[in-house]
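1. here's a sequence, model it:
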Amino acid sequence: MTDASISGNPSSANPAEETARITELRIKGMRTLEDITLKLDGLTVLIGENGSGKSTIIEALSLLQVMRVAGSDFRELIVHRHGGIANILRNDGGQAISLGVDIEVRRGDVQENLKYDTSFESEPYGQNRIRVSQGSIKYTSNVKADPNHFHNGTIITFDNRQFTLSNSENSQKIVIPANAVNIFDRNFYTYLEQLFNNDPIEPPVQRLLGSGLTLVNRLSEIFRSSIKFQLPFDVTPRWRHFDYWAGKDFESAASLPGVGQGEPANSPLRDRQQIAPVHEMDPHGRNFASCIHHLRNTIGGRRWERFLNKIKSALAPFPLEDIVVPSIEPGMIEVHFMLEDGNLLRVSQFSSGQLSYLAFLTRLEMTGFASVIAFDELETHMHPYLMHCAVQELESFAKNTPVIVATHSNTLLNSLSDPVNQVVICELGDRRNTLLRRLDPKLMEKWLIHYGGVGSIREHGVLSDALKQEEQ
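-> The predicted model follows:
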């Protein structure tokens, strides 16, 4: 397996392979996000006060990721993952949330553009009953016919009553009663099969329908496999897990499952883990050891050397010689630091900052096909130099894949190479609605002379003086 086939790393990307980038995100009716449009190009850094909508933007991406299953599964995910639709609606009486994205897909010289919008709402007879009320998919390409046989100018619209497929180039149109079956529902294709077995359609219309359904399936796959997000890694050491569950009653804690029986009560990152094949790193780090093992022993070569040197440089002057993943017991492995003096440091002994940075870099290195990746509070546990190194890695990664970071770190902001184009300020308006603001290039020239970075400008309380006057 080549490097390019398993990594989104810019240094290993194959220009002949397909890439997909989310270039615009639209959100309406979700918590403080009354109506926002966020352009994505390279690295986007969200800053603002607590409650200003930064994390909600990342949460909206997680909703898009699971829209592919729709139907009852989607309803269940809204309840279990987000606390029910009432928990994510705006508190102004609104009953619907709208999400939209623009996606740019490239394969060599072929460029395709997908525009997707959908709305879902609570049904009148239950606050946690949800239906997809309406939506649309629009497809355009820079070629008349592409290898996937999509019709250029294909437009799909849908609601809870009908599914309409049309083409702007040849004026074909299909209207199908949907019977409240959503197009991302697993039952939708079965429904169409039964419909057209009873009422056959002409070949040209059949080709258009096939093109449209393939397009729906492709969009679903992009959502499922390429939207990535990462919350702060849990690097909590064992003793803090113990104290959390025990409180002051240590005798009771000794009888807790996984504690009194001599089994570790660690975060997944700090545990020995079962070795397994990997494609990319789990956001919770449950296959962290297998990822390191894969990079070191399966990939190896120059790519592993680059990865190891990045860790050594970031952790200097810590005397790191190598990272090894020995077998602890049959089928179980554990990450160790090998020090310059030959001693080994187990992952359970790593500092929180060391482990956070190693997990972050592994997450990037093992991120495959991605249309966007979002990090919330990346700075957790990292000291200033580690944050500076992390920003350099993110800026490099963002040359190929849009990256969103929500942060409170002034150190991160001071490390940005192009803050005018990278920073988006989230502010609350009069209706407790999120407004997105950008920095003014001319004003920033003056302020950077005095303060050196956006983080320092904000720390001195004068960031508002560097904003563009118009609200975006």
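
2. now residue 30. Its backbone dihedrals?
-> For residue 30, the backbone dihedrals are phi -110, psi 110 (criterion: degrees, to the nearest 10).

3. against residue 40, how distant is it?
-> According to Cβ to Cβ, to the nearest Å, residue 30 stands 17 Å off from residue 40. No exception for glycine: its C-beta is placed from N, CA and C like everyone else's.

4. same check on residue 343?
-> Using Cβ to Cβ, residue 343 is found at 45 Å from residue 40.

5. just to revisit the earlier point, residue 30 and residue 40 - which one has more neighbours?
-> residue 30 (26 against 22; other Cβ atoms under 10 Å).

6. what is the neighbour count of the residue lying closest to that one once chain neighbours are set aside?
-> The shortest distance from residue 30 to any non-neighbouring residue, by Cβ to Cβ, 6 or more residues apart in numbering, is to residue 97 (4.9 Å). Using other Cβ under 10 Å, residue 97 has 25 other residues around it.

7. now residue 63: which helix or strand?
-> Assessed by DSSP states H and E, residue 63 sits inside helix 54-66.

8. can you tell me what sits against that helix?
-> Contacting residues not belonging to helix 54-66 are listed as 25, 27, 30-33, 36, 38, 46-48, 73-74, 77-78, 81-82, 88, 97, 99, 101, 223-224, 227, 229, 372, 374, 376, 404, 406, 426, 434 [Cβ atoms under 8 Å, 6 or more residues apart in numbering].

9. after it, next one along is what?
-> Following helix 54-66 toward the C-terminus (DSSP H and E): helix 71-82.

10. average pLDDT across that next one?
-> For helix 71-82, mean pLDDT rounds to 72.

11. and residue 353, how far from residue 326?
-> Distance from residue 353 to residue 326, by Cβ to Cβ: 23 Å.

12. who has more neighbours, these two?
-> Comparing residue 353 with residue 326 by other Cβ under 10 Å, the one with more neighbours is residue 353, at 18 against 14.

13. quick one: whichever strand or helix holds residue 363 to chain centroid distance?
-> Using DSSP H and E, residue 363 sits within helix 352-365. Relative to its chain's centre, helix 352-365 lies at 16 Å (Cα atoms, centre = their mean, to the nearest Å).

14. and it, what does it pack against?
-> helix 288-293, helix 301-315, helix 384-397 (3 or more Cβ pairs under 8 Å, 6 or more residues apart in numbering; DSSP states H and E).

15. quick check: residue 289 touching residue 333?
-> Yes - here residue 289 reaches residue 333: they are 4.9 Å apart, a contact under Cβ atoms under 8 Å.

16. neighbour-wise, which of the two wins?
-> The residue with more neighbours, out of residue 289 and residue 333, is residue 289; 27 against 20, by other Cβ under 10 Å.

17. contacts only, for that one.
-> By Cβ under 8 Å, 6+ apart, the residues touching residue 289 are 272, 273, 275, 325, 333, 334, 335, 347.

18. swap in 6 Å and give it another go.
-> Going by Cβ atoms under 6 Å, 6 or more residues apart in numbering, residue 289 touches 273, 325, 333, 335.

19. now it. Nearest residue, chain neighbours left out?
-> Counting by Cβ to Cβ, 6+ apart, residue 289 lies nearest to residue 273, which is 4.2 Å off, once chain neighbours are set aside.

20. who's the one you found bridged to?
-> Note on residue 273: beta-bridge partners by DSSP bridges are residue 333.

21. re the thing from before, joint contacts of residue 289 and residue 333?
-> Taking Cβ under 6 Å, 6+ apart as the contact rule, the neighbours common to residue 289 and residue 333 are residue 325.

22. sketch out the low-pLDDT regions of this protein for me.
-> The model of the chain has pLDDT under 70 over residues 1-16, 68-73, 124-129, 144-151, 169-171, 178-201, 204-205, 240-265, 470-472.

23. helices along that one, start to end?
-> Ranges of helices within the chain are 54-66, 71-82, 187-198, 203-226, 238-246, 250-253, 288-293, 301-315, 352-365, 384-397, 410-414, 419-422, 441-451, 454-459, based on DSSP state H.
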